[in-house]
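In: Would you be able to build a 3D model of this:
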Amino acid sequence: MPPRVIPSLFSSLRSLRSPTHKLKILRTLNILTFLTFVSSSVYSIVLAKPSSIDICDKYPTYFTPSLTFIGVYWSILFFLQFCFVSSVQFNDFNLIQRIVENYVDWLFSFSNLFMCGWLFFWLRENFIISEFFIVLTLLSTSLVQNLLTSKYIPNHPLIPTSVISFIHIPFSMFSAFSCFLLFHNGFILLSQQGYEDYGKNVNLAIISASLLTIYSIFWCTTGVFSKGKRDLTFSFAIVWILIGIAVQQKETSLLSNACYLLALIQIMVIFFILLKNCLGPSKTRAESGESDERAPLFRQRMNFYGGIIVDNWYKAPINDDHPGEV
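Out: Here you go, the predicted model:
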């Protein structure tokens with residue numbers, strides 16, 4: 001028997017509403033802080049003397065990735081963030097406004113300002129304070145990532161694609177890069193403070209890469225502090241960063257091969273999870289003996305997380321208080 005549709009469960013989420021005063025302020029701050037961070041990033045690369053690239057060359061570590069990989073990474077991230085601040089956050093749907101106002105909240109603006117602080121002290125080679133700003137960035141981005149993943153499940157068929165593409169994914173990428181930067185800045189700090197044996201230690205770099213991998217695998221298998229909800233974007237981001245380190249450190253075969261191996265392990269875990277998610281509905285249907293009339297439901301397009309894409313998501317029943325429950 002098909003589920004009974006109760007309009008009251010989803011009408012408020014699909015309805016249009018005027019933005020609150022707080023939301024208007026958040027929208028403005030999100031735009032201003034994003035433009036500030038982008039401008040600071042461009043300045044640190046093009047105009048600053050020494051530039052951020054010069055700082056990387058001056059303090060080489062075994063945890064330094066390929067700048068080409070980082071450039072591609074941030075180009076994608078900046079594009080997704082631009083879509084968020086210029087379009088998605090102005091959506092009038094109640095669901096989108098609730099996410100921006102209650103879960104992204106002030107944290108996106110704080111993250112941008114913290115990264116500006118990191119760049120400011122990075123260019124002045126004050127790596128102690130820059131490490132402090134990285135910790136703040138990691139806390140703010142991880143909090144949003146955790147809230148979005150646990151409250152608005154990425155692989156749930158009723159969550160709109162715009163939320164996944166321009167809110168979930170950029171915050172997961174931002175959080176992953178903050179995790180990496182915590183280690184990278186730490187290695188430079190150790191080298192600057194005279195701890196060369198630690199700052200340029202291959203074994204310590206492999207251990208650090210392993211820790212990132214373990215944390216990443218937890219996110220894509222069991223979830224970390226997110227009620228078991230998975231985040232595969234975070235894992236893919238860590239894979240990309242590890243490959244970037246492997247490419248940059250190719251002359252150190254032990255470290256390079258270790259990073260390639262760790263990246264391969266994560267890719268295998270990710271595709272296992274995706275395969276399991278894709279095959280799960282069909283297996284469940286076969287075991288329950290459901291009729292072929294409902295079979296098309298399980299052959300719809302799958303999203304990045306393995307969930308079913310529903311283009312007219314706002315017409316489906318959804319619990320207003322618990323969006324992940326139907």
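In: Can you spell out which helices and strands pack onto the longest helix along the chain?
Out: Determined from DSSP state H, the single longest helix within the chain is helix 253-288. For helix 253-288, the contact count by 3 or more Cβ pairs under 8 Å, 6 or more residues apart in numbering; DSSP states H and E identifies helix 202-221, helix 232-248 as packing neighbours. Glycine gets a C-beta too; all of them are placed from N, C-alpha and C.
In: helices or strands up against the helix or strand encompassing S191?
Out: Using DSSP states H and E, S191 maps to helix 169-192. Packing partners of helix 169-192 (3+ Cβ pairs under 8 Å, 6+ apart): helix 67-86, helix 107-123, helix 127-151, helix 196-199, helix 202-221, helix 232-248.
In: lowest-confidence stretch among those helices?
Out: Among the helices and strands packed on helix 169-192, helix 196-199 has the lowest mean pLDDT, at a mean of 62.
In: Can you pull up the most central residue in the chain?
Out: Most central in the chain under Cα atoms, centre = their mean is S172, positioned 0.8 Å from the mean C-alpha point.
In: residue contacts, that residue?
Out: Q145, D231, T233, F234, A237 (Cβ atoms under 8 Å, 6 or more residues apart in numbering).
In: can you rerun that using 6 Å?
Out: S172 sits next to Q145, D231, T233, F234 when contact means Cβ atoms under 6 Å, 6 or more residues apart in numbering.
In: cool, N112 as well?
Out: N112 sits next to T33, F34, F37 when contact means Cβ under 6 Å, 6+ apart.
In: Distance check, it against V46.
Out: Going from N112 to V46 by Cβ to Cβ, to the nearest Å gives 19 Å.
In: And for F108?
Out: Distance from F108 to V46, counting by Cβ to Cβ: 25 Å.
In: Among those two, which residue is more densely surrounded?
Out: More neighbours surround F108 than the other of F108 and V46, with 26 against 10 (other Cβ atoms under 10 Å).
In: related to what we said a few turns ago, and the longest helix of the chain, which residues are buried?
Out: 255-256, 258-263, 265-266, 269-270, 273-274, 277, 281, 285 (16 or more other Cβ atoms under 10 Å).
In: what does stretch 25-38 give?
Out: L26, R27, L29, N30, I31, T33, F34, F37.
In: Tell me how far it lies from the chain's centre.
Out: Centre-to-centre, stretch 25-38 and its host chain are 19 Å apart (Cα atoms, centre = their mean, to the nearest Å).
In: again, but for stretch 27-42
Out: Its chain's C-alpha centre and that of stretch 27-42 lie 18 Å apart, by Cα atoms, centre = their mean.
In: burial count for K24?
Out: Neighbour count for K24, taken as other Cβ under 10 Å: 11.
In: Pull up the gap between L261 and M268, please.
Out: Going from L261 to M268 by Cβ to Cβ gives 11 Å.
In: Residues contacting stretch 265-272, please?
Out: S216, I217, C220, L232, S235, V239.
In: mind checking how far it is from the chain centre?
Out: The mean C-alpha position of stretch 265-272 is separated from the chain mean by 17 Å, Cα atoms, centre = their mean.
In: One more: stretch 204-223?
Out: 15 Å.
In: now swap in stretch 230-243 and tell me
Out: That offset, for stretch 230-243, works out to 8 Å (Cα atoms, centre = their mean).
In: Dump it to CSV, restricted to CA.
Out: C-alpha atoms of stretch 230-243 as CSV (Å, rounded to 0.1, in the frame of the first residue of the first chain):
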residue,chain,number,x,y,z
ARG,A,230,28.1,9.8,5.7
ASP,A,231,30.0,12.5,3.8
LEU,A,232,31.7,11.2,0.7
THR,A,233,32.8,14.6,-0.5
PHE,A,234,35.1,15.0,2.5
SER,A,235,36.7,11.7,1.6
PHE,A,236,37.1,12.6,-2.1
ALA,A,237,38.7,15.9,-1.1
ILE,A,238,41.3,14.1,1.2
VAL,A,239,42.0,11.7,-1.7
TRP,A,240,42.8,14.7,-4.0
ILE,A,241,45.0,16.3,-1.4
LEU,A,242,47.0,13.1,-0.8
ILE,A,243,47.6,12.6,-4.5
